[in-house]
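1. after the sequence you'll find the predicted model.
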Amino acid sequence: MTQETRKFEAEVSQVLHLVTHSLYSHKEIFLRELISNASDACDKLRFESQSHPELLDGDAELRIQVSWDPEARTISVRDNGVGMSRDEVVANIGTVASSGTRRYLEALSGEQKADARLIGQFGVGFYSAFVVADRVTVLTRRAGSAASEGVRWESDGKGEYSLDDVELPARGTTVILHLKADEDEFLQPWTLRSTIAKYSDHVAFPIRMPKDSDGKPDTDEWETINSASALWARPKSDISDEDYQSFYKALGHDFNDALAWTHNRVEGSQSFTTLLYIPSQPPFDLMMGGSDERKGLKLYIKRVFIMDAAEELLPKYLRFVRGVVDADDLPLNVSREILQKNRQLDRIRGACVKRVLDLLEKLSRDEPAKFTTFLDAFGNTLKEGIVEDAGNRERIAKLLRFASTKGEGAGKTVSLDDYIGRMQIGQDIIWYVTADSYAAAAGSPQLEALKAKGVEVLLMFDRIDEWMLGYLNEYEGKRLQNVAKGELPLDEADKRKQEAATQAAEPLLARIKTLLSDRVSDVRVSARLTDSPSCLALADYDMAPHLARLLREAGQDVPDAKPALEVNPEHQLLKRLATETDDAKAADLAGLLLEQAEITAGAQLADPAAFVQRMNRVLLG
C-alpha cells in the first residue's frame, strides 16, 4: 500500500487541542504515558506468546529503550512488544473509539482547561507527546508479521497524519518526538532519568538508556535505570510509601496521591497477591459506567498480564478501587468467559472485597479526616453496595454517614452506630426523612413532632438514598422507617389526644375532602405536625414524591398515586378554613393546603399557574 494522508477524527483534534493547551505545567507526563504504552505492548506480547511462542522470534527479553539525539533534537521511546499493523495504527492513533473519551471532551467544552490527572485514563495518553513535540513519528511492526509489513505514522498534530509502509527488521514500536524549540531540557539525560525514576521505576520491564553521552539509539552500550520488578511481588518491608504512591500514579494515570492502600499475599491451596488503592478523588467517568474505559483492577497470572478485569475482580459498587491482582494458579489461557464462571476467581473477588472494606473500616476508625475525604468522593458509590451486596450489607451500612437533626448543617454527619447510641429509652426505630436537598430534608414538616420530642431523625438527600433505603430495612436489629410513611407510633396519652383532635375536626376534614375531590386519597389529622398546616403522608411502599418527580424528568413512566393529606387543625389556616363561608375562598384555601404539602415533599405541581393564581386570590383577600 502506498503512502497516504488522512485527517484525524474530530475527537482526536479536540484531544490534541486540549492536551497541548492544558498540560503546560505537567510537560514531563508525556514520558510516563509513552513508557506506560510501551509496557502495555510488552505485557500483551508476553500474554500472546504463552500460546504462540513463535511471536518472540528469538528475541525473548522484553524491554523498553529511551534515547535522545541532541543534534536531531529528538527523543525516542522504543519497545519490542506486540507492535501494530497498519489497521491497528489507524484504530489506535487516528481515531478515538472510547465513548468515555467523547464524554470527557463534551465536559471540557469552551474555555475550560483539561484536568491533567485524567490524561491517560481514556487511552489518550499518546497525544501528550505533542505537548513537547511539534512532530511525532511512529515506526511499528506487528509481532509475527514480515519485515516488509512495517508502518510509519507521522503527524504535526494539526489535523492530519501520514501513513506509509516501511521495511522494519524487528517487531515492536518506536515513538520519535521531534522537540519544539523551547523544550531543550528533555535533551538532558539527567532530566529523562529523573522523570523515569519519578513516574516509571515500578515498570516490570527493564527501561534502558544509552551509556554514551550523546544518547543516540545506535549504541551497543545500554544500562537499565529502573528496578524492573513487579512492585506488588516485593516484600512490603522493602517498599516505601513513595514507591507505593509512584506505582499508583502510573497505574491510575493520576497526578494525585492515593488516599490509602492495602497490600496482601494469600498462601495456601490458592495463592495470590493483591495491591489495592483508594483514590483521593473520583475519576471523571465514575458515575457514567461503560465498559470501554481503562479502569479497575489489572489481573496478572504469575506476573503475566492477562486483562483489565474490573467486572470480574470487584463488584460494581467498588469500581473506584485501582490496583493489581496476581494469581499463581489460574490457567494462563484464561478468557473473560472463563473468568465469569471460575470458582477460584470467586475466592479472589471475595478477598478483594474484604480487603477494601477492612481498609475503609480502618480509615473510619484511625484516620477520620481521610475517611471524610473518601466519603465526599465515593460515599454515594459505596451506597450501591447496600443493594448489590447483601452479604456485606451490615458492613457497608456501618461505613455510611448521614446528616441528622442533631447535627449542624449538611457537612456534619453521623453513623448509624452514633444514632443508635443516642436513641431514647424505649426507641426501637431509626427514623429518617428523604428529600432532594439538605434544606428540604431539614425543613420537612413531617419532622416536627419527632423533633419536638427530641427524637433524632437522619436527613437523606442524595438521589441514591431512596433506592438504597428500599433494601436497608434494618440495622443492628433496629428497623429503619421514613417519617413520612405509615403512622407514627403513639403512647396512650398521645393516642387519646389524637382521637379527640380527629373527632373535633371531623366536619373540617369532610369539607376539605369534598373541596379537593379526587386529588387526595384521604384527609386526616396529623400526628406529625406541630407548626406547619399540612403535609403529605405516604403508605409504606409508596414512592417518595421527589423521586417520582426526578424519574418523570428522566423520561420514566411513574404511576400516578393519590397521596393522603394530613392537616394540623390548630394552625391558623385551618381555623380560617373552618370558618370560611365563601365556597370559592374555601376551595382556594384547601387547594393551597395540598399544594404547600406537595411542594415541601418535593412533588411536581400538576398546574403551577393555577397555584400562583390561587395564592394571589388568597393574599388579596
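-> Nice, I can see it.

2. for residue 264, helix, strand, or coil?
-> strand (DSSP: H, G, I helix; E, B strand; the rest coil).

3. pLDDT at it, what is it?
-> pLDDT, residue 264: 95.

4. and it, what are its bridge partners?
-> Beta bridges link residue 264 to residue 274, judged by DSSP bridges.

5. residue 272 versus that one, what's the distance?
-> From residue 264 across to residue 272, the span is 9 Å (Cβ to Cβ, to the nearest Å). (Each C-beta comes from the backbone N, C-alpha and C, glycine too.)

6. where do the contact lists of these two overlap?
-> residue 351 (Cβ atoms under 8 Å, 6 or more residues apart in numbering).

7. more neighbours: which of those two?
-> Using other Cβ atoms under 10 Å as the criterion, residue 264 and residue 272 rank with residue 272 on top: 24 against 16.

8. low-confidence stretches in the stretch 1-150 of the chain?
-> 1, 19-25, 94-124 (pLDDT under 70).

9. go with 50
-> Counting by pLDDT under 50, the stretch 1-150 of the chain contains low-confidence residues at 97-101, 104-105, 108-123.

10. quick one, strands of it?
-> Per DSSP state E, counting those that start in this stretch, the stretch 1-150 of the chain carries strands over the ranges 4-7, 64-69, 74-79, 133-141, 150-155.

11. ok, the stretch 201-350 of the chain next?
-> 207-210, 222-224, 258-266, 272-279, 297-301, 304-308, 322-327.

12. in JSON lines: these, plus distance to residue 505.
-> Below are the strands of the stretch 201-350 of the chain laid out as JSON lines (distance: least, Cβ to Cβ, whole Å):
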{"stretch": "strand 207-210", "distance to residue 505": "82"}
{"stretch": "strand 222-224", "distance to residue 505": "87"}
{"stretch": "strand 258-266", "distance to residue 505": "56"}
{"stretch": "strand 272-279", "distance to residue 505": "55"}
{"stretch": "strand 297-301", "distance to residue 505": "62"}
{"stretch": "strand 304-308", "distance to residue 505": "65"}
{"stretch": "strand 322-327", "distance to residue 505": "60"}
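
13. looking at those, which is nearest to residue 432?
-> Residue 432 lies closest to strand 272-279 among those, at 27.1 Å (Cβ to Cβ).

14. least confident secondary structure element in this protein?
-> helix 99-107 (a mean of 48; mean pLDDT, DSSP states H and E).

15. re the thing from before, for residue 223, which of the strands of the stretch 1-150 of the chain is the nearest?
-> Judged by Cβ to Cβ, the one of the strands of the stretch 1-150 of the chain that comes nearest to residue 223 is strand 64-69, at 10.7 Å.

16. just checking: what are the partner strands of the closest one?
-> strand 74-79 (antiparallel), strand 207-210 (parallel).

17. pick the most buried one from those.
-> Scoring the strands paired with strand 64-69 by mean neighbour count under mean count of other Cβ atoms under 10 Å gives strand 74-79 as the most buried, with a mean of 23.

18. show residues contacting that strand.
-> Contact with strand 74-79 is made by 31, 34-35, 38-39, 41-42, 62-69, 133, 172-179, 186-187, 192, 205, 217, as judged by Cβ under 8 Å, 6+ apart.

19. hey, C-alpha coordinates of stretch 74-88 in PDB?
-> In PDB, the C-alpha atoms belonging to stretch 74-88 read as follows (Å, rounded to 0.1, in the frame of the first residue of the first chain):
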ATOM      1  CA  THR A  74      14.700  14.000  19.100                       C
ATOM      2  CA  ILE A  75      13.600  11.700  21.900                       C
ATOM      3  CA  SER A  76      12.900   8.000  21.000                       C
ATOM      4  CA  VAL A  77      10.900   5.500  23.100                       C
ATOM      5  CA  ARG A  78      11.200   2.000  21.700                       C
ATOM      6  CA  ASP A  79       9.700  -1.300  22.900                       C
ATOM      7  CA  ASN A  80      10.000  -4.800  21.400                       C
ATOM      8  CA  GLY A  81       6.400  -5.600  22.400                       C
ATOM      9  CA  VAL A  82       3.400  -6.700  20.300                       C
ATOM     10  CA  GLY A  83       3.600  -3.800  17.800                       C
ATOM     11  CA  MET A  84       0.800  -2.700  15.500                       C
ATOM     12  CA  SER A  85      -0.500  -3.500  12.000                       C
ATOM     13  CA  ARG A  86      -1.500  -0.700   9.600                       C
ATOM     14  CA  ASP A  87      -5.200  -1.100  10.600                       C
ATOM     15  CA  GLU A  88      -4.300  -1.100  14.300                       C
END
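
20. next one: it to chain centre, how far?
-> Taking the mean of its C-alpha atoms, stretch 74-88 sits 32 Å from the chain's own mean (Cα atoms, centre = their mean, to the nearest Å).

21. what do you get for stretch 157-171?
-> Here stretch 157-171 shows a centroid-to-chain-centroid distance of 37 Å under the convention Cα atoms, centre = their mean.

22. give me the distance between the two termini of that stretch.
-> This stretch, stretch 157-171, spans 25 Å end to end (Cα to Cα, to the nearest Å).

23. hmm, back to that, let's have the strands paired with strand 64-69 in CSV, adding distance to residue 620.
-> Listed next are these as CSV, based on distance: least, Cβ to Cβ, whole Å:
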stretch, distance to residue 620
strand 74-79, 77
strand 207-210, 80
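
24. which element is residue 594 on?
-> helix 583-600 (DSSP states H and E).

25. so what are the domain limits for the chain?
-> Following automatic domain parsing, one gets these domains for the chain: 4-219, 233-397, 401-483, 488-621.
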